[in-house]
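Asker: got a predicted structure here, sequence first:
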Amino acid sequence: MTAVAGRLSVAFAPMPLEDALLLRAALRAAGVRWRTVPVERCDVLLGTDPAALPRTPSDKVIRIVAGPRRASAPDIRFLDRWPHTGQLADTIAQGQRAANSPFGDVARAAVDASPTSVDAWLAHATHAGATGQRLQIDGTAGPIAWIDATANAGWVAPAVATALPAAMSDAALSARATAGEVPADALRCSMAHVLWAIALGRPWAVDELNLERHRRLRLKRWPDFGSLERRDTFLRVASQLIREPTSLDHLLAAHPARQADVLALLAGCRLCGWLDVTETFDKDAPTRRDAPARGPLHAAMGKLRRALGMGSHG
């Protein structure tokens, strides 16, 4: 069974209305086609509390709880960290464990005016989509950008179109759901374009990414660095995550002088739904690699650079 082929039969366990709206919006945004049926005839049973999940007539029914993982319920697949909506389809189709913030935090974060973490930004976008609205991002001088999570679209104010990440560094940055129309002169772009700018517009603390430090990360796809702003470190880190899953701690240890860039790349990939968190862990503590010894050749190249006026660093 796959979540994108055909139409799924989905039963929703009893849950708060806001949670139900968010789950339905996530299914739509993930491209999942479904019809709501009684538990007796469902393929997938969705809930937010394991205790509220009714019994299913068959062990072939996939039971998914959008909430913190419970070790006492090994037969349930948990979205214990709320994902970019595309990962909900992955969970239904492949039983992969999604890797973002607790679902309950998403519903609460959706009312915050100033998102302070990756999960809070995802919560705002998902909440706006669930209520048929767009997410408007405002700065000191007025609106900066808009996101329509359902249409996977974004818009940018003309005044900041050439410097969107810089505009996102505004200390007064805030976000709110709006049913108003996007201004006619706003420039349309992909939703990823706006989310990426959010990631690059501010420094991130490790805990604001809500990633388990020892769990291995991998990229689902290569970011479009041809159209997205990038930093030199991005190419090296992205290549590493494409080649081999690597934990956050190992990435930070491998790039001690560029940790801010590592966190910005991971934040952007998480916001855009391109980062996957695997089931495996880096068990060994990361070690910082010492730079290779500089021999006579390096010294000679340094003298040549200085003679040519190229600086003293080789």
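Answerer: Looks like it arrived, so ask away.
Asker: my guess is residue 189 contacts residue 152. True?
Answerer: No. With contact defined as CB atoms under 8 Å, residue 189 does not count as touching residue 152 (10.9 Å). C-beta here means a position set from N, CA and C on the backbone, and glycine is covered the same way.
Asker: so for this protein, the centremost residue is which one?
Answerer: In the chain, the residue lying closest to the centroid (CA atoms, centre = their mean) is residue 270, at 2.2 Å.
Asker: and that residue, how far from residue 19?
Answerer: Look at residue 270 and residue 19: by CB to CB, to the nearest Å, they are 22 Å apart.
Asker: excluding chain neighbours, what is closest to residue 140?
Answerer: residue 172 (4.6 Å; CB to CB, 6 or more residues apart in numbering).
Asker: correct me if wrong: that neighbour contacts residue 139.
Answerer: Yes. Contact criterion CB under 8 Å: residue 172 and residue 139 qualify, at 6.2 Å.
Asker: of these two, which one has the most company?
Answerer: Ranked by neighbour count (other CB atoms under 10 Å), residue 172 and residue 139 place residue 139 first, with 20 against 9.
Asker: which SS state does the closest residue in space to the more buried one that isn't next to it in sequence fall under?
Answerer: In this structure, residue 139 finds its nearest non-sequential neighbour in residue 170, 3.8 Å apart by CB to CB, 6+ apart. Residue 170 falls in the coil class when you classify it by DSSP: H, G, I helix; E, B strand; the rest coil.
Asker: now residue 170: phi and psi?
Answerer: Note on residue 170: backbone dihedrals following degrees, to the nearest 10 are phi -50, psi 130.
Asker: give me the below-cutoff pLDDT ranges for the stretch 51-200 of the chain.
Answerer: By pLDDT under 70, the weakly predicted segments of the stretch 51-200 of the chain are 68-69, 71, 80-113.
Asker: show me where it has helices.
Answerer: For the stretch 51-200 of the chain, helices defined by DSSP state H, counting those that start in this stretch occupy the ranges 86-94, 103-109, 118-130, 164-167, 191-200.
Asker: all strands for this protein, in order.
Answerer: For the chain, the strands defined by DSSP state E cover 8-12, 34-36, 44-47, 62-65, 77-78, 134-139, 142-148, 153-156, 174-178, 187-190, 215-219, 246-247, 275-281.
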